[in-house]
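[1] Whatever this is, show me its structure:
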Amino acid sequence: MSIPTTEQFEPDALDKRLFEAFPGLVMRKDLTQVIRGMSKAPSYVIEFMLGKYCANLFDNRDVREGLQLVQQEVAAYIPRGDETEVIKANIRERPPRRVIDMVKVELNEKIDTGVYWATLATANIRNVNIQPELVQKYERLLMAGVWSNILVTYDDTIRYGSKTYPFVITRLEPVQVGQVSLDDYCAGRANFTRDQWIDALIRTMGYEPNDARLTQRVKLLYLVRLIPLVEANYHMIELGPRQTGKSFCFTEFSPYGTLLAGGQVTVPKLFVSNTNPPRPGLVAQRDVVGFDEIAESSFNADDDKNLYKNYMESGQINRGLMTVIGDAGFVFNGNINFDPRSGAHAEHLFKPLPGSVSDDTAFHDRWAAYLPGWELPKLTPDLITGHVGFILDYMSELFHREMRRIARYGSLWEEWFEASGREWSARDLRSVNRTFSGLTKLIFP
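    Predicted coordinates for the structure are as follows:
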């Protein structure tokens, strides 16, 4: 597939300001669209690679050469799902084999003095040997995993018990951002007005803020989608039409989010495993867990609903003798093609949900926000920006490592606004505090 011919990029004032304030940390979003869809690598990985090879974002020749290099890397080294046995054979017959893949590591403490096993997620190769030094150097391998440029070799002398584990990672270089600094980020933010900064965040998400459909309210609704990434244990629901980008924050924006199709997940996977010893589930491994297509799913886990409600209320769950504490927020997404406030649907806003949830007011109380997705425009080509935004992996790391730790913004709104007296419950006040905190972190870090 050849790189399409593009006209010379013409940066606007916001592009230039971003490029000057955050050199090396921003990317032309139209370049991501050129490569996106060619592999299983998410946008945050593609953008990191583009940033490496497209140093001058405003020089069309340099950009075309960079795009060509990234295209070649993607085609040659990022596996397809059906290539598992081919890759394994190549590693054996012609070692070492270079691969770009999501690498996640876990410690198997049951073997000898403990062995680190790596999993190559896209290549679907498990029990790959990796040196402890690499794990200690890149601790992210033990958490959400890291997309990495690796060399894998074959050594059939490595045995544990009666089994051979011949695959060995001999070199690993992350293709994601290493270090982030909140101080540097805030210093760069000082060069922008409020509205300029909001537009920069909207472009980072891939949308063009100058589109007439993106009113100030719509822009803020887009930012609400990001709150679970910066605010721990932030639970929300979004119902709206298809093709409005509801799943973007879980699949493309951050490696610390995960999307569960149809709302289907087992309690052990979500909260705590049934293994011995038990292991914490997704609530302790991710920043946000998305439940997709919930309005059309068979989400009828009546026996498990109390577990969901208890976790959403307290941020922890008790299973047997183990208490699991998690930071993950739950986001329920549902596809509806109408405004539930109107006509026959006006009974209440949760009516489109499965019966086990739609009339459970205690469940509703635990959501901090209801995002009216029917107010957001569908993703058409003219809504996709061709301008500069932050590299997604930079933002996701900043959100995960720095912003989620800030806990002092929640009640700042009281300096300018008054509460609604007795109309608000304690849960209402908590939701207001956390939503305000999340938007403040995003707009006024």
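[2] where are the low-confidence patches of the protein?
    The chain contains residues with pLDDT under 70 at 1-7, 36-40, 55, 178, 262-264, 295-303, 343-346.
[3] The same query, at a cut-off of 50, please.
    Applying pLDDT under 50 to the chain picks out residues 1-5.
[4] Can you give the domain ranges for it?
    13-77, 83-174, 215-376 (the TED database).
[5] where's residue 16 relative to residue 9, distance?
    Distance, residue 16 to residue 9, using CB to CB, to the nearest Å: 12 Å. (Glycine included, C-beta is placed from N, CA and C.)
[6] picking up where we left off before, any chance of the domains of the chain in a markdown table, with mean neighbour count and distance to residue 426 too?
    Formatted as a markdown table, the domains of the chain follow (neighbours: other CB atoms under 10 Å; distance: least, CB to CB, whole Å):
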| stretch | mean neighbour count | distance to residue 426 |
| --- | --- | --- |
| domain 13-77 | 18 | 37 |
| domain 83-174 | 16 | 33 |
| domain 215-376 | 18 | 10 |
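[7] Which one, of those, ends up nearest to residue 384?
    Proximity to residue 384 (CB to CB) singles out domain 13-77 among those, at 6.4 Å.
[8] Between the two ends of the closest one, what distance do you get?
    End-to-end distance of domain 13-77: 37 Å, with CA to CA, to the nearest Å as the criterion.
[9] nearest to residue 194, of the domains of the chain?
    domain 215-376 (10.4 Å).
[10] Same list, the domains of the chain, but as TSV with distance to residue 410 please.
    Converted to TSV, the domains of the chain look like this (distance: least, CB to CB, whole Å):
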stretch	distance to residue 410
domain 13-77	28
domain 83-174	26
domain 215-376	9
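[11] Relative to residue 436, which of those is closest?
    domain 215-376 (9.9 Å).
[12] And the closest one, end to end?
    Criterion CA to CA; first-to-last residue distance in domain 215-376 is 10 Å.
[13] just stretch 169-179 next, same as before
    One end of stretch 169-179 to the other measures 23 Å (CA to CA).
[14] which ones are touching the residue minimising distance to the centre of the chain?
    The chain has residue 254 as the residue nearest its centroid, 2.4 Å off, counting by CA atoms, centre = their mean. Residues in contact with residue 254 (CB atoms under 8 Å, 6 or more residues apart in numbering) are 44, 229, 287, 288, 392, 395, 396, 399, 400.
[15] which one of the domains of the chain lies closest to residue 187?
    Closest to residue 187 of those, according to CB to CB: domain 13-77, at 8.3 Å.
[16] roughly how far is the closest one from the heart of the chain?
    19 Å (CA atoms, centre = their mean, to the nearest Å).
[17] now residue 227, nearest residue through space, not along the chain?
    residue 438 (3.3 Å; CB to CB, 6 or more residues apart in numbering).
[18] Contacts only, for that neighbour.
    224, 226, 227, 228, 230, 231, 234.
[19] Can you pick out the ones from the residues you listed that are in helices?
    Among those, DSSP state H puts 224, 227, 228, 230 in helices.
[20] For my notes, confirm the residue nearest to residue 227 occurs in a strand.
    No. Assigned with DSSP: H, G, I helix; E, B strand; the rest coil, residue 438 falls outside any strand and is helix.
[21] Could you tell me how far it is located from residue 201?
    With CB to CB as the criterion, residue 438 and residue 201 are 12 Å apart.
[22] Any chance you could list residues touching both of those two?
    With CB under 8 Å, 6+ apart, residue 438 and residue 201 have common neighbours residue 226.
[23] which SS class is residue 249?
    Residue 249, by the three-state scheme (three-state DSSP), is helix.
[24] Ok, residue 341 next?
    Under three-state DSSP, the three-state class of residue 341 is coil.
[25] I'd say it and residue 349 touch.
    Yes. At 6.8 Å, residue 341 counts as touching residue 349 under the criterion of CB atoms under 8 Å.
[26] Enumerate every residue touching residue 116.
    When the contact criterion is CB under 8 Å, 6+ apart, the partners of residue 116 are 105, 106, 107, 108, 129, 130, 131, 132, 135.
[27] so what's the backbone phi/psi at it?
    Dihedral pair for residue 116: phi -90, psi 120, per degrees, to the nearest 10.
[28] For residue 258, see how far away it is.
    According to CB to CB, residue 116 and residue 258 sit 23 Å apart.
[29] do the same with residue 239
    From residue 239 to residue 258 the distance is 20 Å (CB to CB).
[30] go on, residue 193?
    Counting by CB to CB, the gap from residue 193 to residue 258 is 35 Å.
[31] Give me the sheet partners of the strand of greatest length in the chain and which way each runs.
    Counting residues, the longest strand found in the chain (DSSP state E) is strand 97-108. If you go by DSSP bridges, strand 97-108 pairs up with strand 115-120 (antiparallel), strand 146-154 (antiparallel).
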